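Peer 1: sequence-free structure coming up:
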């Protein structure tokens, strides 16, 4: 529009094969994963393999503009959207009678990430340089990682895993940084202060998603050491008290300061 405005856009499609150790395993591992006597131990241990797997695919969009507010101050606003499909997830393999015979990795999950990013940049003015960045995002899908559903798979032999959209474990709704750099540049401050400066970096985020659980009691007794341990009366050892990833860990702040 003017010499102070820049518009930009990006579109891309990407494909990536899964990790090699999830495609190729030894005959001994394959035998253990499908053997009725040992397969549950393989499921819980995460030793799984996928046959005839397809590449994981991602479609990504990005658009925004950069506006010069003053000679030294600029604002950039970016919107982004990422759609990931054919993601690996642990699933049962059923025979023609509908009976589960073993578990493998399959291209069943998907996830979407969308958000806005704001960046305010101040070029060095009166010895001060500043960059402020803030990102508002939302990541949802049917699984955070290939083995996210392994407990649901190993609990009940005949159960099928439900598909539902949930906040992903790596989702951070709020994330940002503030960088301040105060420095005497070349030719400023005389022989003592020239080049001397202080850099301050503040980073913050709103934490990650997690699921609250009800801790089991061993044999009906309150045992403070039973946190995370499988109880004798509870097959899984933990039971959710809310939808998956419905809670968020506390905000995290970090400050780094450097003088040179």
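Peer 2: It's in. Predicted, not measured: the structure shown is a model, and the values here were computed from it.

Peer 1: contacts and neighbour counts: CA atoms only from here.
Peer 2: Will do.

Peer 1: and the strands in the stretch 51-200 of the chain?
Peer 2: For the stretch 51-200 of the chain, applying DSSP state E, counting those that start in this stretch gives strands covering 56-68, 73-94, 100-125, 128-141, 166-167, 174-183, 197-205.

Peer 1: just put those strands in CSV and tack on mean pLDDT, distance to residue 8 and mean neighbour count.
Peer 2: Output for the strands of the stretch 51-200 of the chain, formatted as CSV (pLDDT from 0 to 100; distance: least, C-alpha to C-alpha, whole Å; neighbours: other C-alpha atoms under 10 Å):
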stretch, mean pLDDT, distance to residue 8, mean neighbour count
strand 56-68, 96, 6, 17
strand 73-94, 91, 9, 19
strand 100-125, 90, 14, 18
strand 128-141, 96, 18, 18
strand 166-167, 90, 29, 22
strand 174-183, 97, 22, 18
strand 197-205, 96, 27, 16
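
Peer 1: turn these into JSON lines, including distance to residue 15.
Peer 2: JSON lines is the format used below for the strands of the stretch 51-200 of the chain (distance: least, C-alpha to C-alpha, whole Å):
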{"stretch": "strand 56-68", "distance to residue 15": "4"}
{"stretch": "strand 73-94", "distance to residue 15": "10"}
{"stretch": "strand 100-125", "distance to residue 15": "13"}
{"stretch": "strand 128-141", "distance to residue 15": "18"}
{"stretch": "strand 166-167", "distance to residue 15": "23"}
{"stretch": "strand 174-183", "distance to residue 15": "27"}
{"stretch": "strand 197-205", "distance to residue 15": "29"}
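
Peer 1: closest to residue 241 out of those?
Peer 2: Judged by C-alpha to C-alpha, the one of those that comes nearest to residue 241 is strand 166-167, at 15.2 Å.

Peer 1: tell me which strands the closest one pairs with, and in which orientation.
Peer 2: strand 128-141 (antiparallel) (DSSP bridges).

Peer 1: ok, residues contacting the strand it pairs with?
Peer 2: Residues from elsewhere that reach strand 128-141 (C-alpha atoms under 8 Å, 6 or more residues apart in numbering): 109-124, 164-168, 170-183.

Peer 1: what about residue 179, distance to residue 254?
Peer 2: Plainly put, residue 179 is 12 Å away from residue 254 if you go by C-alpha to C-alpha, to the nearest Å.

Peer 1: tell me, what's touching the two both at once?
Peer 2: residue 202.

Peer 1: thinking again about what came up before, of the strands of the stretch 51-200 of the chain, which is nearest residue 42?
Peer 2: Here strand 100-125 is closest among these (C-alpha to C-alpha), at 9.2 Å.

Peer 1: helices or strands up against the closest one?
Peer 2: When contacts are defined as 3 or more C-alpha pairs under 8 Å, 6 or more residues apart in numbering; DSSP states H and E, strand 100-125 sits against helix 27-34, helix 39-45, strand 73-94, strand 128-141.

Peer 1: at 6 Å what do you get?
Peer 2: Other elements packing on strand 100-125 under the criterion 3 or more C-alpha pairs under 6 Å, 6 or more residues apart in numbering; DSSP states H and E are strand 73-94, strand 128-141.
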